[in-house]
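K.L.:
Any chance you can model this:
(one chain, ligands or ions: 1)
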Amino acid sequence: MNQQFDILIIGGGQAGRCAAQAARAVRPDARIAILGDEMHLPYDRPPLSKDVLHDLANSAACEKLSAAQFTDERIEVRPGERATAVDKTARVVDTAAGHRYRYGQLILATGSRVRRLPLPRELDDDVFYLRTRDDAHRLQPRLRAGANVAVIGGGFIGLEVAAAARHHGCTVTVIDLADRLLARVFPDAASRRVLAMHRAAGVDVRLGARIARIEQGPQVGVRIALQDTAHPVHADLIVIGIGVIPNTELAQQAGLAVDDGILVDAYGRTDDPYIFAAGEVTRHPVEGRSGLHRIESWQVAELQARAAGATAAGEPRRYDDVPWFWSDQLGVNIQMLGHIPDAPVWVMRGTADGAHSLFAFDADGRVTGAIAFDAGRDISALRRVLAKNGRLDPIALADPKVSWRELMG
Ligand SMILES: Cc1cc2nc3c(=O)[nH]c(=O)nc-3n(C[C@H](O)[C@H](O)[C@H](O)COP(=O)(O)OP(=O)(O)OC[C@H]3O[C@@H](n4cnc5c(N)ncnc54)[C@H](O)[C@@H]3O)c2cc1C
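P.N.:
Numbering: from 1, shown residues only. Down below sits the predicted model:
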């Protein structure tokens with residue numbers, strides 16, 4: 001097969017879909033296709049570690065566009081089609097199936113893959129990762145009451161898996177090398193709150209735990225030996241959530257600028273005039289911060305990808321949203337907005353029912369971001385503050401009797 005597309009997208013995830021839709025809105029007559037190496041139509045991943053792990057019947061919640069809707073939008077999706085090479089001079093993409101596609105504009109939306117641990121093959125049946133819809137469908141049936149589940153990695157995915165496993169009545173142990181949960185993204189107070197939530201729900205959280213060995217258990221399952229303790233963790237299954245690796249190989253092979261992500265400007269443009277990149281695989285500018293950043297979030301897959309898609313289609317669109325992320329664990333909604341790490345000053349605003357937010361202030365007394373626990377309203381208000389001048393009176397902010405209307409004057 002040797003075909004020509006005006007706009008060709010590699011990667012059939014959320015970013016691939018969003019880039020395609022944005023491109024379609026700009027160019028009604030363009031021939032647009034998505035090549036995706038999974039056997040599914042593009043879908044969103046956040047429900048996988050939440051609703052889908054609760055009940056596989058929720059799996060359809062991942063699909064934002066049905067096959068009929070892709071047809072209506074005249075976006076050709078080719079599942080199971082893995083791109084293997086990009087020739088940026090000839091503007092041609094080759095695939096593993098031996099197909100060759102010519103493109104006018106190319107959008108790389110290849111996302112990430114999970115980081116794996118080298119483990120003995122005999123453990124395969126009891127070792128799980130969670131990235132794809134197929135991963136969720138494989139894991140969910142094993143989360144049954146009484147099952148012993150060990151989660152390696154206390155990041156967002158690991159903690160959402162732990163919460164889902166508790167929901168099903170599993171015994172759950174979370175093992176993390178760091179001395180606190182979510183250490184990379186959360187300040188100490190927020191880490192402590194998440195730890196308390198999980199311990200109160202019966203999750204055995206082992207922090208500062210260095211794994212010495214993972215091997216087959218004496219009878220069944222898996223035995224995880226930890227350094228500094230003679231008591232190994234025994235589990236029927238282990239779920240590994242230790243981060244992701246961006247799928248940059250194609251971009252690298254094509255000779256694009258790559259450094260822990262495909263380097264793009266605020267419009268999703270790479271250093272080749274005909275190639276753009278979208279979603280989690282990119283390192284892009286972030287409003288209010290210097291340098292380029294790779295951010296693993298729904299927001300980037302949705303909105304940065306829409307900007308890149310529109311730009312590729314000929315209508316340059318900037319992506320400059322303030323970073324936002326959410327997670328749902330143990331019935332608590334956690335949201336983060338803005339710039340969090342390393343803030344010198346934190347101010348807490350809480351209500352009697354336990355809902356609260358932690359606000360980050362910089363050295364100039366300007367609020368830069370917040371983490372909210374069941375307090376989405378604080379996030380909405382903060383958006384408006386950040387859009388104005390970032391000025392908030394920290395003493396009034398800490399007093400829940402002072403309303404947001406009063407705070408914003
Ligand atoms: C379980 C889970 C839960 C999450 N929950 C949240 C949440 O609550 N909140 C939040 O903000 N974010 C969440 N995220 C993050 C968010 O979903 C991701 O950042 C988003 O999926 C990234 O989308 P993407 O399209 O850029 O990349 P991906 O989703 O990785 O999609 C890229 C696609 O391209 C395919 N591909 C790669 N190489 C090729 C090739 N050579 N040829 C063809 N196809 C290729 C890949 O197989 C994949 O299908 C979650 C992620 C996961 C995994």
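
K.L.:
Run through the residues that contact Gly202.
P.N.:
Arg166, Val172 (Cβ atoms under 8 Å, 6 or more residues apart in numbering). Heads up, the C-betas are built off the backbone N, CA and C, glycines and all.

K.L.:
Give me the contact status of stretch 363-376 with the ligand.
P.N.:
No - using Cβ under 6 Å from any ligand atom, we find that stretch 363-376 stays clear of the ligand, coming within 13.5 Å at best.

K.L.:
got it, and stretch 35-53?
P.N.:
Yes - Stretch 35-53 reaches the ligand (Cβ under 6 Å from any ligand atom) through Leu35, Gly36, Asp37, Glu38, Arg45, Pro46, Leu48, Ser49.

K.L.:
Select from those every entry located in strands.
P.N.:
Judged by DSSP state E, the residues of stretch 35-53 next to the ligand include Leu35, Gly36 as members of strands.

K.L.:
Same list, the residues of stretch 35-53 next to the ligand, but as a markdown table with pLDDT and neighbour count please.
P.N.:
Listed next are the residues of stretch 35-53 next to the ligand as a markdown table, based on pLDDT from 0 to 100; neighbours: other Cβ atoms under 10 Å:
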| residue | pLDDT | neighbour count |
| --- | --- | --- |
| Leu35 | 98 | 26 |
| Gly36 | 98 | 25 |
| Asp37 | 98 | 18 |
| Glu38 | 98 | 17 |
| Arg45 | 98 | 22 |
| Pro46 | 98 | 18 |
| Leu48 | 98 | 28 |
| Ser49 | 98 | 27 |
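
K.L.:
what's the most distant pair in the residues of stretch 35-53 next to the ligand?
P.N.:
Leu35 and Ser49 (26.0 Å; Cβ to Cβ).

K.L.:
what about Thr248, how many neighbours?
P.N.:
By the criterion of other Cβ atoms under 10 Å, Thr248 has 23 neighbours.

K.L.:
Chain neighbours aside, what residue packs nearest to it?
P.N.:
Val258 (4.7 Å; Cβ to Cβ, 6 or more residues apart in numbering).

K.L.:
Next, the contact list for that neighbour, please.
P.N.:
Per Cβ under 8 Å, 6+ apart, neighbours of Val258: Thr248, Ala251, Gln252.

K.L.:
check which helix or strand covers the second one.
P.N.:
Right, the one you point to is Ala251. Per DSSP states H and E: Ala251 is located in helix 249-254.

K.L.:
and that helix, what does it pack onto?
P.N.:
On a contact count with 3 or more Cβ pairs under 8 Å, 6 or more residues apart in numbering; DSSP states H and E, helix 249-254 meets strand 83-87.

K.L.:
Which is the succeeding secondary structure element to the strand it packs on?
P.N.:
Once strand 83-87 ends, the next helix or strand along the chain (criterion: DSSP H and E) is strand 92-95.

K.L.:
Identify the residues contacting that next one?
P.N.:
Contact with strand 92-95 is made by 8, 10, 35, 81-87, 100-103, 106, as judged by Cβ under 8 Å, 6+ apart.

K.L.:
Please name the residues that touch the residue nearest to Ile295 when sequence neighbours are not counted.
P.N.:
Counting by Cβ to Cβ, 6+ apart, Ile295 lies nearest to Pro323, which is 6.1 Å off, once chain neighbours are set aside. By Cβ under 8 Å, 6+ apart, the residues touching Pro323 are Val286, Ile295, Ser297, Gln299, Met336, Leu337, Gly338, His339.
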